[in-house]
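Novice: let's see this in three dimensions:
(chains A and B)
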Protein chains: 2
Amino acid sequence: MNITMAHGSGGASTSELIESVFAKHFKNDVLDRMEDSAVVQGSERIAVTTDSFVVTPYFFNGGDIGRLSVCGTVNDLLMSGAVPQYITCGCILEEGMDMDDLDKIIGSMAETAKEAGVMVITGDTKVVEKRGEFGGIMINTTGVGFMPVGVSLSPAGCKDGDVIIVSGYLGDHHAAILSDRMNIKNNIKSDNAPLSEMVSALIENKIELHAMRDVTRGGLGTVLSEFAKASNVEIDIYQDKLPVNPEVRDFCKMLGLDPVYMGNEGKMMCVVSKKDSEKALELIRNSKYGENAQIIGEVKAADNNNVILHTAIGGERIIGPLYGEGLPRIC
Amino acid sequence: MNITMAHGSGGASTSELIESVFAKHFKNDVLDRMEDSAVVQGSERIAVTTDSFVVTPYFFNGGDIGRLSVCGTVNDLLMSGAVPQYITCGCILEEGMDMDDLDKIIGSMAETAKEAGVMVITGDTKVVEKRGEFGGIMINTTGVGFMPVGVSLSPAGCKDGDVIIVSGYLGDHHAAILSDRMNIKNNIKSDNAPLSEMVSALIENKIELHAMRDVTRGGLGTVLSEFAKASNVEIDIYQDKLPVNPEVRDFCKMLGLDPVYMGNEGKMMCVVSKKDSEKALELIRNSKYGENAQIIGEVKAADNNNVILHTAIGGERIIGPLYGEGLPRIC
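Specialist: Residues are numbered from 1 along each chain as shown, chains lettered A, B, ... in the order given. As a prediction, the model looks like this:
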């Protein structure tokens, strides 16, 4: 069975679609009320983030757009120091989409939400004309988290002597999507994952965190450039410390790609005080999805706002934000 | 200038687009921090709603997709009894979209947010390949509102003797979009409007409200059917009481459309206790966008869950939810 324009009418067909797919997978006390707004418990300070996902193909090696749409939003909340609580699901379906595919994607969202500890509380579905031969899907998720008292993180928080940690292999998601799109068979899998366990380990153990960011579109280079500028500091990183899966490294060499600018969907970068850096590294390595974490560099007091990559052969290269294309529709 | 795939890369081009359009129009203390999550003041109970807008054409008689995307979400929050506070802006742009059009749409969102009393606190922008000759735009907005203590509204709240009020002319948005799409010249304008003033008048004056709903996709028929079912009652409405703009009535006759199933974007239906019904009608008529409000029917204790339309010529017709197509991409 396929999606038709009638599924977007707001009438009986829309209700049937919601019942048979969305309500089935997301089942919970709040959503089951099926009201236009979800009324839920709040907190004194809340964090809100939104993200639209347009990745193509919607099933890829290691994940799918459903899992991705939960991970991306949950990770954004985590990076601000918030405890993720609720998530919304806004789907734009293309006419002709296979109903079984939709069912798998929404099932995957539900499973990932469970893993990440968030509840899907409200949603919306629209249908548009199809773009290619088969219908696709675009998903917006908006997340709401509670801010613990006293937590405050900012890209402007980097200080002289701080240590930069990356939580695992760079470039996996980018390389997986590109492989799928180019029809190259390999073992590279997307890293799409919620970082809830990793971040709560750092916060519960009172690591002195100065800044955190998930390394997504634009890659590590773009994040570090923003941080150096926001904090008015220099950041030095070392090429031979950058964690990259050997198969991804070979893939990058073959295609002339730089892992520093490749998108990830289950990796974060954090800036911690030097005194806590070894402990932070250990906590990350011992948490789910953190086994390949590395200390990759440090912050220096210099108002040049440069990010300097020290290459393996002893050279230096200034890293700016990604300019131009990037990989289209990677997330 | 036109939107390119590079504007969706997450790198420097994305930043430029955000600075030159979104940040310019939405400028406020929270958004200006440009962090991945917006951290804002919360409250004990919050209401959350999400909606994606895919209306085409994106400029139409009386409004545009930007204004619509704020009204739709603000109205959904209001209908649950919440006081709208924050809104997110997730844009999916099609390659080739005219940058001046984008600027007008985002400017219109900003203006409508101001009118509705909500702050745009966070956003996201993606770019996808174009669908038609020119690029389009799809906007998701998610709204967060604070729930006042004691307020609780539900489609299941309709009671025997309650009175049904509609806040104004039915079918204007639907008729305006259809006119635009069919290239018919007339004076019909979309009713897209935020109902903040109207709803707060009812709540501040302690009107005994039992249920409220904005009358959007699926029309009045679909809303009433849901209410009758959720409350296990009969609802009787009277055709000669239904407020319809004379020009829209003629347009409907010409095309065989029924205003009962047509979408609106600035109209609500509320169910109030009989004792407060005249006062409620007066409050609505005296508030912005409410001058054509009417009492259209009443709730009866009968567990048939029927919605009965008493026609102008003395007949009776059972009204079900909209089945099938509706007008595609109306919101």
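Novice: what mean pLDDT does stretch A:192-200 have?
Specialist: When pLDDT is averaged over stretch A:192-200, the result is 97.
Novice: correct me, but A:V55 touches A:C331?
Specialist: Yes. Between A:V55 and A:C331 a contact is recorded at 5.4 Å, counting by C-beta atoms under 8 Å. Quick note: C-beta positions are derived from backbone N, CA and C, even for glycine.
Novice: burial check on A:M99, number of neighbours?
Specialist: When neighbours are counted by other C-beta atoms under 10 Å in any protein chain shown, A:M99 registers 15.
Novice: and the nearest residue to it once chain neighbours are set aside, what is it in contact with?
Specialist: If the residues on either side of it in the chain are set aside, A:M99 comes closest to A:M1, at 4.3 Å by C-beta to C-beta, 6 or more residues apart in numbering or on different chains. If a contact means C-beta atoms under 8 Å, 6 or more residues apart in numbering or on different chains, then A:M1 has A:98-100 as its contacts.
Novice: do that again at 10 Å, thanks
Specialist: The contact partners of A:M1, by C-beta atoms under 10 Å, 6 or more residues apart in numbering or on different chains, come to A:20, A:97-100, A:102.
Novice: ok, A:F26 next?
Specialist: Applying C-beta under 10 Å, 6+ apart, we find A:F26 in contact with A:18, A:32, A:87, A:89, A:106-107, A:109-110, A:113, A:119-123.
Novice: likewise A:K126?
Specialist: Counting by C-beta under 10 Å, 6+ apart, the residues that A:K126 touches are A:7-8, A:10, A:14, A:90-93, A:138, B:51-55, B:138, B:140, B:217, B:328-331.
Novice: do A:G143 as well
Specialist: A:47-51, A:70, A:72-78, A:82, A:84-88, A:116, A:118, B:37, B:88, B:142.
Novice: okay, and which of those residues map to strands?
Specialist: Secondary structure defined by DSSP state E assigns A:47-51, A:84-88, B:88, B:142 of the contacts of A:G143 to strands.
Novice: who wins for neighbours among the residues you listed?
Specialist: Result: A:T49 is most packed of the ones in strands among the contacts of A:G143 (other C-beta under 10 Å), 32 neighbours.
Novice: can you name the next helix or strand after the longest helix along chain A?
Specialist: In terms of residue count, the longest helix belonging to chain A (DSSP state H) is helix A:99-116. Going down the chain from helix A:99-116, the next helix or strand is strand A:119-128, by DSSP states H and E.
Novice: how much does that next one deviate in direction from helix A:99-116?
Specialist: Relative orientation of strand A:119-128 versus helix A:99-116 (axes from the mean of the first three to the mean of the last three C-alpha atoms, to 10 degrees): 150 degrees.
Novice: just checking: what are the partner strands of strand A:119-128?
Specialist: strand A:83-94 (parallel) (DSSP bridges).
Novice: looking only at pLDDT, what's the mean for the strand it pairs with?
Specialist: According to the model, strand A:83-94 has a mean pLDDT of 97.
Novice: CA atoms only: put that strand into PDB for me.
Specialist: Only the C-alpha atoms of strand A:83-94 are listed here, as PDB (Å, rounded to 0.1, in the frame of the first residue of the first chain):
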ATOM      1  CA  VAL A  83      18.100  16.400  30.200                       C
ATOM      2  CA  PRO A  84      15.900  15.500  27.100                       C
ATOM      3  CA  GLN A  85      12.300  14.800  28.000                       C
ATOM      4  CA  TYR A  86       9.900  15.200  25.100                       C
ATOM      5  CA  ILE A  87      10.100  15.100  21.300                       C
ATOM      6  CA  THR A  88       7.600  16.000  18.600                       C
ATOM      7  CA  CYS A  89       7.300  14.200  15.200                       C
ATOM      8  CA  GLY A  90       6.300  16.300  12.100                       C
ATOM      9  CA  CYS A  91       6.300  14.200   9.000                       C
ATOM     10  CA  ILE A  92       6.000  15.400   5.400                       C
ATOM     11  CA  LEU A  93       5.400  12.400   3.200                       C
ATOM     12  CA  GLU A  94       5.700  12.200  -0.500                       C
END
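Novice: what parts of the stretch 201-331 of chain A come near chain B?
Specialist: Applying C-beta under 10 Å from any C-beta of the partner chain, one finds that the stretch 201-331 of chain A approaches chain B through A:212-214, A:216-219, A:221-223, A:225-226, A:230, A:261, A:263, A:320-331.
Novice: can I have the buried ones of the contacts of A:K126 as a PyMOL selection?
Specialist: Per 16 or more other C-beta atoms under 10 Å in any protein chain shown, the buried members of these correspond to this PyMOL selection:
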select buried, (chain A and resi 7+8+10+14+90+91+92+93+138) or (chain B and resi 51+52+53+54+55+138+140+217+328+329+330+331)
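Novice: show me where chain A has strands.
Specialist: For chain A, strands defined by DSSP E occupy the ranges A:38-41, A:45-53, A:59-60, A:63-64, A:83-94, A:119-128, A:137-146, A:163-166, A:209-214, A:234-238, A:268-272, A:294-300, A:307-310, A:316-318.
Novice: out of these, which gets nearest to B:L283?
Specialist: Proximity of those to B:L283 was assessed by C-beta to C-beta; the nearest stretch is strand A:38-41, lying at 23.7 Å.
Novice: give the buried residues for that closest one.
Specialist: Residues of strand A:38-41 classed as buried: A:38-40 (neighbour count, 16+ other C-beta under 10 Å).
Novice: what residue in the stretch 151-300 of chain A comes nearest to chain B?
Specialist: Residue of the stretch 151-300 of chain A nearest chain B, by C-beta to the nearest C-beta: A:R217 (2.6 Å).
Novice: tally of neighbours for A:V74?
Specialist: 29.
Novice: okay, it and A:A82: tell me how far apart.
Specialist: 10 Å (C-beta to C-beta, to the nearest Å).
Novice: overlap in contacts, those two.
Specialist: A:49, A:143, A:145, A:199.
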